[in-house]
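Trainee: For reference, the sequence and a predicted model appear below.
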Amino acid sequence: MASVTGTFVPTYQGLSAAHLVRPAVAGATPFPFNAAHRLPYYRARNAIYHLFRALLETKPSLTVLAPDYYSGNEIMAMQAAGATIHYCPVGPNMQWDPDEVERLCRVHAPDLLYVIHYAGWPQPIDPLAELCRRREMLLVEDCALSLLSEMPDGRAIGSIGHWSVFCLYKTLPLPNGALLVQNDRRIESLERLRLRRAGSASVAGRMAELLVQRIRGRVNGVGAALQAVKRGLGVAAGALDVRRANVGDIGFNLDEVDLAMSPISTRLLARLDFDDIRRRRIANYRQLLQQIGAGVTPVFPVLPEGVCPLFFPIIVPNKAEAADALRRRGVDALEFWNDPVGDGLEMSISARFFRTHVLELPIHQDLSARHITHVARQVNRILGASNMMRPTREAA
């Protein structure tokens, strides 16, 4: 969709050709890349599936307590592995209440607690970990949205549970990639697992998309050339031997669970400046927080120390309408987790509200102060319009 402003702010970070040829970055490597026992996968949902298949080998009746606000991929992966899932509601601040979690643990007696850290903000992981110790439960941290985030005391998100899973390409300019970290309970069958390489067309197609996305964020006026590239990508996509790991893709396919992270993703990881990525994301979030008007309601109005934000979530009256209006103005916003798995009867008031009203605004490391100012202006204009009334949480 062409922008009426001439500026384009892509949803996620793109890839520069310089990334492919620059030398490896010197210095300390952050968690999870320095974890002693980490296993790479093509997608995070694949890692979740294999972890739960391994756990079910020793406990076929494995039951899980998971949040009722989820993407769907993680739930489908656990269900495909054979786990039974119960749900615990998230609160209006996207946080679990440890007391409510414990109450539902008494009701369902789960074997495993599945914790999701949303958009970089940590859940109250210490009381949840203590609950797991007392009740002899397993603890898995879903950090798909929280790469490079830390607790206020400096501990990395994902370093506390027995296992943690990370989706790398949501935060980094990679065509694919995920990590499963075994913090203190190694499973030998996972380490022996043989994964197969994804088809070259799949990786090349996604690489081209990342390169084009970066160009569009800098020179949106290359219209005709970009359209030609897009058409070429469409032809390539039709020839893929596996479905590409597109951002926002919801679904689970058993035919794809044994795919390995591509060698090009591994090469790129060594050439990324993680400190700079974290710094830029934090600066962009803070700038947008300062520049949005009173008519805009952020889900997280405070950026705590250590948080590396994946995006800037806001509350809007109608996600589809707001996203469409922003795209027309050059801001490629995303609707955050629209649909539940199945009938959605497990959803609490807060989960239903989030699925109806939360929109993602981009703040990634590719964006300059000019991009962020453009995002703020367009959001302020749209949400300041007379027909865009601010929703209340009670309305959910």
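Mentor: That came through, no problem.
Trainee: Could you pull out the helices in this structure for me?
Mentor: For the chain, helices defined by DSSP state H occupy the ranges 17-21, 44-58, 73-81, 98-108, 125-135, 188-192, 200-218, 223-238, 263-269, 274-291, 319-328, 349-357, 369-383.
Trainee: Now do the same for the longest one: mean pLDDT, whole number.
Mentor: This means helix 200-218. The average pLDDT for helix 200-218 rounds to 86.
Trainee: how about that helix: buried residues?
Mentor: Neighbour-count burial for helix 200-218, counted by 16 or more other C-beta atoms under 10 Å, picks out 201-217. Where you see a C-beta, it was placed from the backbone N, CA and C, and this is true even at glycine.
Trainee: now it: how far from the chain's centre is it?
Mentor: How far helix 200-218 lies from its chain's middle: 19 Å, per C-alpha atoms, centre = their mean, to the nearest Å.
Trainee: and it, what does it pack onto?
Mentor: Applying 3 or more C-beta pairs under 8 Å, 6 or more residues apart in numbering; DSSP states H and E, we find helix 200-218 packed against helix 223-238.
Trainee: try it again with 10 Å
Mentor: If contacts are counted by 3 or more C-beta pairs under 10 Å, 6 or more residues apart in numbering; DSSP states H and E, helix 200-218 sits against helix 17-21, helix 223-238, helix 263-269.
Trainee: can you check the fourth one too?
Mentor: Helices and strands in packing contact with helix 98-108 are listed as strand 63-67, strand 84-88, strand 112-116, helix 125-135; criterion 3+ C-beta pairs under 10 Å, 6+ apart.
Trainee: so residue 38 bridges to which residues?
Mentor: Beta-bridge partners of residue 38, counted by DSSP bridges, are residue 181.
Trainee: That one touches residue 159, doesn't it?
Mentor: No. Here residue 38 lies out of contact with residue 159, judged by C-beta atoms under 10 Å, at a distance of 11.4 Å.
Trainee: Would you mind listing where the stretch 1-150 of the chain has pLDDT under the threshold?
Mentor: Residues of the stretch 1-150 of the chain that meet the criterion pLDDT under 70 lie in 1-5.
Trainee: Please enumerate the shared neighbours of residue 38 and residue 159.
Mentor: 31, 32, 181, 183 (C-beta atoms under 10 Å, 6 or more residues apart in numbering).
Trainee: so what's the residue nearest to residue 196 when sequence neighbours are not counted scoring on pLDDT?
Mentor: Nearest non-adjacent residue to residue 196, counting by C-beta to C-beta, 6 or more residues apart in numbering: residue 258, 5.5 Å away. pLDDT, residue 258: 95.
Trainee: Turn the shared contacts of residue 38 and residue 159 into TSV, including distance to residue 47 and neighbour count.
Mentor: Below are the shared contacts of residue 38 and residue 159 laid out as TSV (distance: C-beta to C-beta, whole Å; neighbours: other C-beta atoms under 10 Å):
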residue	distance to residue 47	neighbour count
31	16	21
32	11	22
181	9	24
183	14	19
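Trainee: Would you tell me which one of these comes nearest to residue 133?
Mentor: Nearest to residue 133 among the shared contacts of residue 38 and residue 159 is residue 183, at 13.7 Å by C-beta to C-beta.
Trainee: Could I get the contacting residues of that closest one?
Mentor: 32, 35-38, 139, 141, 158-164.
Trainee: if we go to 6 Å?
Mentor: By C-beta atoms under 6 Å, 6 or more residues apart in numbering, no residues touch residue 183.
Trainee: For residue 29, see how far away it is.
Mentor: 17 Å (C-beta to C-beta, to the nearest Å).
Trainee: Ok, residue 82 next?
Mentor: 35 Å.
Trainee: before we move on, what about residue 126?
Mentor: Taken as C-beta to C-beta, the span from residue 126 to residue 29 is 25 Å.
Trainee: and if you look at residue 315?
Mentor: Distance, residue 315 to residue 29, by C-beta to C-beta: 37 Å.
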